[in-house]
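Student: The sequence and its predicted three-dimensional model are supplied below.
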Amino acid sequence: MAKSNSKLAMYLNLVLLLSLLLIINMAESRLFQFGHAKGKTLTPSCTSIYGAEKGDTCSGIIQAFNLTSDFFNQINPNLNCDQMFVGQWICIDGFLS
């Protein structure tokens, strides 16, 4: 009788431990935006801007300010490089939050 209670307690402890690990995993995935956090989008915040001049292109601005294209596209999500116009404000430094 004591052995069956001991086995039952061991199985219940195992189930509780696995449940705890699953809860911790779910909490971390939400905290660090892994897994199912697809609905949340990051908002760009611009800390420095540049006014486009005649002849400017996205690739030229990227090179002039020593940016990566991924970073440039992340901080300028609505920029259409094919339709850039003189005087358009271009974000050249910022962060995502």
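Tutor: Perfect, I can see it now. Bear in mind that the values here come from a model prediction, so they are computed numbers and not experimental data.
Student: got any ranges where this protein has weak pLDDT?
Tutor: Applying pLDDT under 70 to the chain picks out residues 1-3, 27-40.
Student: Which residue lies nearest the spatial centre of it?
Tutor: When C-alpha atoms, centre = their mean is applied to the chain, the residue found nearest the centroid is Leu42 (5.9 Å).
Student: distance of the residue lying closest to that residue once chain neighbours are set aside from Gln74?
Tutor: Leaving out its chain neighbours, the residue that sits closest to Leu42 by C-beta to C-beta, 6 or more residues apart in numbering is Leu96, at 4.0 Å. For every residue, glycine as well, the C-beta is placed using N, CA and C. For Leu96, the distance to Gln74 (C-beta to C-beta, to the nearest Å) stands at 6 Å.
Student: Equivalent analysis for Ser4, please.
Tutor: Here Ser4 is placed at a distance of 59 Å from Gln74 (C-beta to C-beta).
Student: Which one's more surrounded, these two?
Tutor: Neighbours were counted for Ser4 and for Gln74 using other C-beta atoms under 10 Å; Gln74 has more, 15 against 8.
Student: shouldn't the residue nearest to the centre of the chain be in contact with Gly94?
Tutor: No. Contact status for Leu42 versus Gly94: not in contact, 11.1 Å apart, counting by C-beta atoms under 8 Å.
Student: what about the strands in the protein?
Tutor: Secondary structure of the chain (DSSP state E): strands at 44-51, 89-96.
Student: Would you pull up how far the first one lies from the middle of the chain?
Tutor: Meaning strand 44-51. On the basis of C-alpha atoms, centre = their mean, to the nearest Å, strand 44-51 sits 19 Å off its chain's mean C-alpha point.
Student: tell me the angle of it relative to strand 89-96?
Tutor: Going by axes from the mean of the first three to the mean of the last three C-alpha atoms, to 10 degrees, strand 44-51 is angled at 150 degrees with respect to strand 89-96.
Student: going forward, begin numbering at 54 instead of 1
Tutor: With 54 as the first residue, the last one maps to strand 97-104.
Student: Strand 97-104 - which strands sit beside it in the sheet, and in what orientation?
Tutor: Note on strand 97-104: by DSSP bridges, its sheet partners are strand 142-149 (antiparallel).
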